[in-house]
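Q: what follows is a predicted protein model with its sequence.
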Amino acid sequence: MAQEIELKFIVEKESVDALRQLINTFSGEHHEPEQLLNIYYETPDNWLRRHDMGLRIRGASGRYEMTMKIAGRVIGGLHQRPEYNIDISKPELELERFPVEVWPEGELPATLAEQVQPLFSTDFWREKWLVTEGKSRIEIALDQGEVKAGEGREPICELELELLEGDVNDVLKLARRLVSQPGLRQGSLSKAARGYHLAAGNAPRALRETTILHVAPKASVEQGMEAALELALSQWLYHEELWARNVKNAKTHVLVAMGLVRHALMLFGGIVPRKASAHLRDLLTQTEALLLSDVSADTALYGAQTAAAKLALTEFLVTRGWRAFLDAKAQAKISESFKRFADIHLSRHAAELKTTFAHPLGDQYGDQLPRLARNIDSMLLLSGAYDGARTQAWIENWQGLKHAIETRQHIEIEHFRNEAISQEPFWLHSGKR
């Protein structure tokens, strides 16, 4: 088994030549483009997808390889997934050759080999460079071609940095050199993800509201913070993809996601000092200003400014860039229970909202929208330990108030204000239960 660590970028077609010229200035060996044909497999009931597994056969220059990728972690286009690669003599599956640890139950399911069938394919030319960065060997791959599923087609024009040997920090360092010029957009949608979407009918991708964040049971404060920032980054990348596809209001959702990044940093600011994220927040401010201007999607999404901000957040998460700024007291606090942290802060945010909206505000409701939005974000990031209809309904009353204020529905404003401030807390240690 290998641990695949890759950082993926979508490349603006018009920037390919300039990108190639930049990479050619790096010291290393260059490999001429090679055609890669890949067939991805699935069962009629999506058994592999449901188990977060990806199965493919790749063919190149008369050689074939069978690959299984299993569940891993994706942070801002940085893919970290275990993968199993087996050389095969012809383009036919030999599932019995995978080691038993691949399978969820510790053995190859009896009927799986009969059920899997080709679902979609990718056909692209890969140009490679093997470079040294720091103490690491990194493969840079430029892929150009298309994903195909039935009659559906989608172009491929992307760059992958794969760590062959060394430290992931060197991958990030190399990426910073690459995004210093325009033309790259950090993307989390893999070729396989696009293929699955095509195979499922290629329905228009819908805007995605931020939902309640669920973290692992007994998670630490640090793990809760990581999950919050990962959620915000995922929302950012997802809606950038939609903006690139001209989906209405996607740009607004990109800005909302960036605001969620900033809010998550503030939420944990009592433990992680501001200086730990100073560079990241500066980049966020500059990027927000760019997006608030009359800028086109292509200029914004493939610009060096936006790329630097997303990469900085990715690096902050992957390297846990806050740890170097924590003293002994902060280190102890960040290791404590996230659920206990969430209970305390839910009480504080609820008290702030109830005080703010205790009485009708007449024409002054709009002045409180930033405060209301900020507190709703906090609730979404902190409520995951209390899964259930009551939690959702509690938050939805505040969301209803926000929507009513935004749309100036005066009767609805008073309805949701009364409902929201009269709610009993759903969390423990609130002083009410």
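A: Great, that's in hand.

Q: for the worst-scoring helix or strand of the chain on mean pLDDT, buried residues please.
A: Counting by mean pLDDT, DSSP states H and E, the chain has its least confident helix or strand at strand 73-75, which shows a mean of 71. For strand 73-75, burial by neighbour count (16 or more other CB atoms under 10 Å) applies to V74, I75. Bear in mind the C-beta positions are built from the backbone N, C-alpha and C, glycine included.

Q: ok, it: who's next to it in the sheet?
A: Here strand 73-75 is paired, per DSSP bridges, with strand 78-88 (antiparallel).

Q: how far is the partner strand from where the chain is centred?
A: 20 Å (CA atoms, centre = their mean, to the nearest Å).

Q: so where's the chain uncertain?
A: 1-4, 76-77, 79, 429-433 (pLDDT under 70).

Q: neighbouring strands - and their directions - for the strand with the most length in it?
A: In the chain, with assignment by DSSP state E, the single longest strand is strand 117-133. Sheet partners assigned to strand 117-133 using DSSP bridges are listed as strand 28-42 (antiparallel), strand 136-149 (antiparallel).

Q: just say which of the ones you listed is most tucked in.
A: Comparing the strands paired with strand 117-133 by mean neighbour count (mean count of other CB atoms under 10 Å), strand 136-149 ranks first with a mean of 19.

Q: ok, then the element right after that one?
A: Using DSSP states H and E, the helix or strand that follows strand 136-149 in sequence is strand 152-165.

Q: list the buried residues of that next one.
A: Neighbour-count burial for strand 152-165 flags G152, E154, I156, C157, E158, L159, E160, L161, E162, L163 (criterion: 16+ other CB under 10 Å).

Q: pick out the most distant pair among these.
A: The most widely separated members of these, counting by CB to CB, are G152 and L163 (32.1 Å).

Q: in CSV: the strands paired with strand 117-133, plus distance to A276.
A: Below are these laid out as CSV (distance: least, CB to CB, whole Å):
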stretch, distance to A276
strand 28-42, 34
strand 136-149, 25
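
Q: for stretch 391-400, give me every contacting residue.
A: 212, 353, 372, 375-376, 379-380, 383, 412, 415-416, 419-420, 423, 426 (CB atoms under 8 Å, 6 or more residues apart in numbering).

Q: buried residues in it, which are they?
A: T391, W394, I395, E396, N397, W398, Q399, G400.

Q: now do the SS call for the first one.
A: State at T391, reduced to three classes by DSSP: H, G, I helix; E, B strand; the rest coil: helix.

Q: now swap in the second one and tell me
A: Reduced to three states with three-state DSSP, the structure at W394 is helix.

Q: change the start of the numbering to 445 and stick with it
A: Right, with 445 as the first residue, what we last looked at is W838.

Q: right, and Q561 touches D489 too?
A: No - counting by CB atoms under 8 Å, Q561 sits too far from D489 to count as a contact (11.8 Å).

Q: circling back: of the strands paired with strand 561-577, which approaches A848 most closely?
A: Taking CB to CB, strand 580-593 is the member of the strands paired with strand 561-577 nearest to A848, at 42.8 Å.
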